[in-house]
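Q: Sequence first, then the predicted structure, then my questions.
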Amino acid sequence: MRDLRRNWRRFGLVGLVVGLVAVLSTVLSALATGLVSDGISGLRGLPLTHLAFEPGSGAVFTRSTLDARALEAWRATPGVEASPLGVAFVNAAPTTTGPRLDLALWGVPADSFLVARPEARAALSGRPGLVLSDELEGQVEVGDRFTVAGSDLELPVLGFTYSGSYGHVPIAFTSLATWQELHYGDDARGRFSAVALRFDGPVDTSAVDRAAGTATRSKASAYSGSPGFSAETATMTMIRSFLVVISALIVGAFFTIWTVQRTRQIGLMKALGASNGYIVRDGVGQLALVVVFFTVVGSAAGALLAGVAGGGDVPIELTLTGTVTTGVILAVVGVLGSAVALRRITRVEPIVALGVEP
Amino acid sequence: MSLELRGVTVTVPDGDGIRTLLDAVDLAVAPGEVVALTGASGSGKSTLLAVAGLLRRPEAGEVVLAGTPTSGLGGRARTKLRGRTVGVVYQSANLFPSLTAIEQLEVVAHVQGRLDADARRRARGLLADLGLAERAGRLPHHLSGGERQRVGLARALMAEPRVLLADEPTASLDPRLADDVADLLAGQARDRDLATLVVTHDEAPLRHADRRIELDGGALRAVTAAGSTAR
């Protein structure tokens, strides 16, 4: 501890680097959470447990087309609620003034288990229209009319639902019939993208898939079908992993150099009767204090920075769990990084205190 | 005897062969006795000191510390025995640069898990005994050479050892200071009944020793009365 107090500049330097890594890690953690939300929050918010896709579609809605045969097979399965679900990415232009909207358009029947609230059922069972993610509230108003690109259909805004997006664009709901008309025109033939499923208990999905001609995914595994989701999460995970490794290496390198510089002092400690455990505890303990302190400070600064940066177009989503988890991982791995010098400590012979090579 | 070496042999690899640093050395130092160990550079003085202080194991022979034979002891037991039985005064004091004078002593008690109010009191008492009461809060680089060496002696005494070893304790001091430190060291050793072995090239420790032994080529070749230069 006295080493720490009297060499605070040296410890401060390594602490500063650890702190900066913590800042970056916290911001990236918030960005990763934000990107995930931007990619799949619309799907995550739906009350389904599984999704049945066309085989070979890779859980990508826009590659999957199913029809009534698949739906009936799933509806006939005990313990399963099944609903057709159409998903398409569209651009909606205002008929008068207002912003053009990129939307992930979800087509669901009004009586689907996916539509839980009575007012939402009422909106979807009436005249054709759009129920938008409430993040668009303020940009558009109920009653505004939009023409979906590629069709002549004019749709009014009927209301707003939960805040969500899919594939980095806000979600919008419409009735399945409207969705089919927009997507297939006059030749819909009852087609849709996937079957949304809610299981009450265990279901032999393989058997039903064979009968229905579908490939079923759990909700979480279907996230990978969101455009760019897998690449984004893999990239963010890689960057964050590198930061954790870099932090550990920095601490390890510092501890190694510090140990080499203190070789004679370590020998002297041993000559005074100190065990290896005592010396390791003393060294690692001081370093752990530095790492934990600067990680906490860096995480707090990172959270502040993420809070400021999150107000704009950057999809940053700061969560306490994410911030704390990132900080704990950095601190633990950083302290573990000091383990690289442990062998060096245990190999110091007390005779070096006399200035004699062992 | 508090310190006894019986047939101690130390060898090191030397090219394709083996070099003998200590050759079947026998030595006994009684409680309160101050023995000066001299010899040319490379004669094995520091090696003998290291073996006597359990800082290295001999290839053959036995070291008996405070009545305990040490050849059969494992690493932990040697470390523990060393901490509680041996005090070492180093050349140029060898103090911890980031610890004050009082902390140099307290760390000894801390290492042994005994840093309590009594230990702190004893540390202050030791510094006062050696004329360093006013220097207790000073870091090593704020102490003179003589003061540093006295702090080193106080630290060696802190564990209340039975054996005191000193490696060229006056080498970095001017003659007057060297005599003061040598006098202090010998006085403390006798007052505390410590078996004391002082490696030295200087005259000052020789003047204050009870007897002198000389190492030549790793063997004890001559034993003379203290202060004498005759062989």
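A: That came through fine. Note that the coordinates shown come from a computational prediction; the quantities given were computed from them, not determined experimentally.
Q: Following element in sequence after whatever helix or strand B:Val198 lives in, please.
A: Counting by DSSP states H and E, the element that carries B:Val198 is strand B:195-199. Counting by DSSP H and E, the next helix or strand C-terminal to strand B:195-199 is helix B:203-208.
Q: what about the closest residue to chain B within the stretch 201-350 of chain A, is that helix, strand or coil?
A: Using CB to the nearest CB, A:Gly273 is the residue of the stretch 201-350 of chain A that sits closest to chain B, at 1.7 Å. C-beta here means a position set from N, CA and C on the backbone, and glycine is covered the same way. The local conformation at A:Gly273, judged by DSSP: H, G, I helix; E, B strand; the rest coil, is coil.
Q: what about it, neighbour count?
A: 22 (other CB atoms under 10 Å in any protein chain shown).
Q: likewise A:Ala149?
A: Residues near A:Ala149, counting by other CB under 10 Å: 12.
Q: which helix in chain B runs the most residues?
A: In chain B, assigned by DSSP state H, the helix with the most residues is helix B:175-191.
Q: returning to that earlier point: pull the distance from the strand holding B:Val198 to the chain's centre.
A: Relative to its parent chain, strand B:195-199 has a centroid offset of 6 Å by CA atoms, centre = their mean, to the nearest Å.
Q: and it, what does it pack onto?
A: In terms of contacts (3 or more CB pairs under 8 Å, 6 or more residues apart in numbering or on different chains; DSSP states H and E), strand B:195-199 is packed against strand B:17-29, strand B:34-39, helix B:45-52, strand B:163-167, helix B:175-191.
Q: hmm, back to that, what's near enough to touch the residue of the stretch 201-350 of chain A closest to chain B?
A: B:Thr79, B:Lys80, B:Arg82, B:Gly83, B:Arg84, B:Val108, B:Val111, B:Gln112, B:Ala159 (CB atoms under 8 Å, 6 or more residues apart in numbering or on different chains).
Q: Kindly report the same for A:Ser64.
A: Neighbouring residues of A:Ser64 by CB under 8 Å, 6+ apart: A:Phe53, A:Glu54, A:Ser57, A:Ser193, A:Ala194.
Q: how about a cut-off of 10 Å?
A: By CB atoms under 10 Å, 6 or more residues apart in numbering or on different chains, the contact set of A:Ser64 is A:51-58, A:85, A:87, A:192-195, A:214-215, A:225.
Q: Work out the gap between stretch A:138-151 and the centre of the chain.
A: Put simply, stretch A:138-151 sits 30 Å off its chain's centre (CA atoms, centre = their mean).
Q: So which residues on chain A come close to chain B?
A: A:2-7, A:262, A:264-265, A:267-279, A:282, A:349-358 (CB under 10 Å from any CB of the partner chain).
Q: In ChimeraX, how would I select just the buried ones from those residues?
A: In ChimeraX, a selection of the buried entries from the residues of chain A next to chain B looks like this (16 or more other CB atoms under 10 Å in any protein chain shown):
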select /A:3,4,6,262,265,267,268,269,270,271,272,273,274,275,276,278,279,282,349,350,351,352,353,354,356
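Q: Can you give me the distance of A:Met238 to A:Ala231?
A: Using CB to CB, to the nearest Å, one gets 11 Å for the distance from A:Met238 to A:Ala231.
Q: filter the contacts of A:Gly273 down to the ones close to chain A.
A: Applying CB under 10 Å from any CB to the contacts of A:Gly273, one finds that B:Thr79, B:Lys80, B:Arg82, B:Gly83, B:Arg84, B:Val108, B:Val111, B:Gln112, B:Ala159 fall near chain A.
Q: Nearest to chain A among those residues?
A: For those, the nearest to chain A is B:Gly83 (1.7 Å; CB to the nearest CB).
Q: ok, the nearest residue to A:Leu158 once chain neighbours are set aside - contacts?
A: Among residues not flanking A:Leu158 along the chain, A:Gly129 sits closest, at 3.9 Å (CB to CB, 6 or more residues apart in numbering or on different chains). Contacts for A:Gly129 were tallied using CB under 10 Å, 6+ apart; they are A:123, A:142-143, A:145-146, A:154-159, A:172-175, A:178.
Q: same question, B:Leu143
A: Contacts of B:Leu143 (CB under 10 Å, 6+ apart): B:Ala93, B:Leu95, B:Thr100, B:Ala101, B:Leu132, B:Arg135, B:Gln149, B:Arg150, B:Val151.
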